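[1] fold the following, please.
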Amino acid sequence: MNAIELDAVTFAHETSGMRFDLNVAPGEWLAVIGPSGAGKSTLLDILTGFLKPESGTVRLEGRDVTDRSPAERPISVVFQDDNLFPHLSAERNVALGISPTWRLPEAALARARDALARVGLGALAGRLPGELSGGERQRVALARAFLRERPILALDEPFAALGPALRKEMLDLIDRLRVEAPRPPAIVMVTHHPGDALGHADRVAFLEAGRIVLSGTPDEVLSGRHPRVAAYLGATRGSEP
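    You can find the predicted model right below:
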């Protein structure tokens, strides 16, 4: 049974139509790349429930969730803007992932402190998001996501604002966390930096004009043998920070 199945999923975006057919196995890490406007964010929004497709079926762990809200889906999402509550400490932000009430029990806070220690922020558990760097805030978001132990993790360009060295550090951290997880999640990572897939993702899907036109291992897809992928890779290398 696949962790994720998008079966003939369609969505009309302005003047263009999109269609997604995609399977992701349990524990697999899929990187989604493609030019701006190709449909990467739309695919992720449909997967997570923030957009409803016009037709087709979204199945997660074999269950039809097409009409289910984001909260009803077995997914954790790490966003580009980290999505932390600015008035709550790192510890409380993480604990909300497993106890979504303002009066957090001590057991939830203890688990949050342990999760922060695992991402190297044990000493900063009491700090507010505004007192943390961008990389530290994303570590808090990752700690919260992995603490929830959901079978699927969606990464919506969470490291786009970070430089290459820090992005690699964060991706290495995800690698470690998934190995340590009781049940490694299936990961779908949308990225504008194709090189992020190398050494981390198991598979890469290249989107163009609302379709997945190529899927394979990172080495296969990023080799540049496909003309349209080669053109895209040339453009991204020219803009890489």
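[2] quick one: mean pLDDT over the helix or strand that contains residue 178.
    Using DSSP states H and E, residue 178 sits in helix 164-180. For helix 164-180, the mean pLDDT works out to 89.
[3] try stretch 90-109
    The model assigns stretch 90-109 a mean pLDDT of 85.
[4] do stretch 186-198 as well
    So the average pLDDT for stretch 186-198 ends up being 92.
[5] buried stuff in it?
    186, 187, 188, 189, 190, 191, 193, 194, 195, 196, 197 (16 or more other C-beta atoms under 10 Å). To be clear about C-beta, it is placed using only N, CA and C from the backbone, and glycine gets the same treatment.
[6] quick one: end-to-end distance for it.
    Start to finish, the residues bounding stretch 186-198 are 17 Å apart (C-alpha to C-alpha, to the nearest Å).
[7] what's the neighbour count on residue 16?
    Neighbours of residue 16 under the rule other C-beta atoms under 10 Å: 12.
[8] any idea how far residue 39 is from the nearest residue to it once chain neighbours are set aside?
    Using C-beta to C-beta, 6 or more residues apart in numbering and skipping the chain neighbours, the partner closest in space to residue 16 is residue 210 (5.7 Å). Remark: distance between residue 210 and residue 39 (C-beta to C-beta, to the nearest Å) = 4 Å.
[9] tell me, what's touching the two both at once?
    The contact sets of residue 210 and residue 39 overlap at 13, 18, 20 (C-beta atoms under 8 Å, 6 or more residues apart in numbering).
[10] can you list the strands that whichever strand or helix holds the last one pairs with?
    Secondary structure assignment for residue 20, by DSSP H and E: strand 16-24. When pairs are called by DSSP bridges, strand 16-24 turns out to pair with strand 4-13 (antiparallel).
[11] show me the contact partners of the strand it pairs with.
    17-24, 39, 42-43, 46-47, 51, 53-60, 152, 186, 188, 210.
[12] please redo it, this time with the cut-off set to 7 Å
    Here strand 4-13 makes contact (C-beta atoms under 7 Å, 6 or more residues apart in numbering) with 17-24, 42, 46-47, 51, 53-60, 152, 186, 188, 210.
[13] list the contacts for the residue nearest to residue 16?
    Residue 210 neighbours (C-beta under 7 Å, 6+ apart): 13, 16, 17, 18, 19, 38, 39.
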